[in-house]
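> after the sequence you'll find the predicted model.
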Amino acid sequence: MDWSIIIFLVIVVAMVLYIIGIYNKLVSLKNRFENAFAQIEVQLKRRYDLIPNLVETAKGYIQHERETLESVIAARNAASAMLNAAKSNPGSAAAIADLAGAESALASSLGKFNLVVEAYPDLKANQNMMQLSEELTSTENKVAFSRQAFNDAVTAYNEYRQSFPPVFFASAFGHPDDANLLVMEDSAEIQAAPKVSF
């Protein structure tokens, strides 16, 4: 028995097992960031469901602020559409960028809405408005937490995909591109009091 053939076969088997390990790790990391995106989707849908109730509660108090109310609903509908587009492929750079843009526009509209609400003490004191605002704030916190988990999973995937030797196999294994982080303006930053200078 020739030892060189045995050594060669052992090396080939070890290399095949190592390449299988790379494939499995890429799949595992991709599944993690896709699952993390699904968690964002749950929280965003909850927020999208709360917004019409918030607007409906405010309608009775701020009827002449129709433009503000309509812009919130329009921004909510646009963000919902972008979420539906992104959920089919959370690794798509364009889908994630479109969702981030729509979410930023929604956060801006909600910030303007909150400024209008501040001008109506009766509306602020309304029990339904207080409860919906509290639920929305809680949901915003969950969105931020879910987004952080998604971004962490995307970072882990990208780091592994870009490392040596997986970078040589990633495209062949169906992982041609890096995943993108979901960066949105936080509504808390947008809702901050405006700066006044004299």
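Structure's in. What do you need? Numbers count the residues shown, from 1 in each chain.
> ok, residues contacting stretch 39-55?
Residues outside stretch 39-55 that contact it (CB atoms under 8 Å, 6 or more residues apart in numbering) are 69, 72-73, 76, 79-80, 83, 87, 103, 110, 113, 128-129, 132-133, 135-136, 139-140, 142-143, 146-147, 149-150, 182. The C-beta positions use only the backbone N, C-alpha and C, and glycine is treated the same way.
> helix, strand or coil: sort out the nearest residue to D178 once chain neighbours are set aside for me.
Residue nearest to D178 in three dimensions, not counting chain neighbours: N158, with 4.6 Å by CB to CB, 6 or more residues apart in numbering. Here N158 takes the helix state, with states given by DSSP: H, G, I helix; E, B strand; the rest coil.
> I'd say N158 and H175 touch.
No - judged on CB atoms under 8 Å, N158 makes no contact with H175 at a distance of 10.1 Å.
> quick check: closest non-adjacent residue to F169.
I22 (5.3 Å).
> right, and the one you found touches F173 too?
Yes - using CB under 8 Å, I22 is in contact with F173, at 7.5 Å.
> and those two? Which one has more around it.
Neighbours per residue, other CB atoms under 10 Å: of I22 and F173, the larger number sits with I22, 19 against 16.
> then stretch 128-146 to PDB, C-alphas only?
Output of stretch 128-146 as PDB, limited to C-alpha atoms (Å, rounded to 0.1, in the frame of the first residue of the first chain):
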ATOM      1  CA  ASN A 128     -56.800  56.600  23.800                       C
ATOM      2  CA  MET A 129     -54.100  59.000  22.500                       C
ATOM      3  CA  MET A 130     -52.000  58.400  25.600                       C
ATOM      4  CA  GLN A 131     -52.400  54.600  25.300                       C
ATOM      5  CA  LEU A 132     -51.600  54.600  21.600                       C
ATOM      6  CA  SER A 133     -48.600  56.900  22.100                       C
ATOM      7  CA  GLU A 134     -47.300  54.600  24.800                       C
ATOM      8  CA  GLU A 135     -47.700  51.500  22.600                       C
ATOM      9  CA  LEU A 136     -46.100  53.300  19.700                       C
ATOM     10  CA  THR A 137     -43.100  54.300  21.900                       C
ATOM     11  CA  SER A 138     -42.800  50.700  23.100                       C
ATOM     12  CA  THR A 139     -42.900  49.500  19.500                       C
ATOM     13  CA  GLU A 140     -40.300  52.000  18.400                       C
ATOM     14  CA  ASN A 141     -38.000  50.600  21.100                       C
ATOM     15  CA  LYS A 142     -38.600  47.100  19.900                       C
ATOM     16  CA  VAL A 143     -37.900  48.200  16.300                       C
ATOM     17  CA  ALA A 144     -34.600  49.700  17.400                       C
ATOM     18  CA  PHE A 145     -33.700  46.500  19.200                       C
ATOM     19  CA  SER A 146     -34.700  44.300  16.300                       C
END
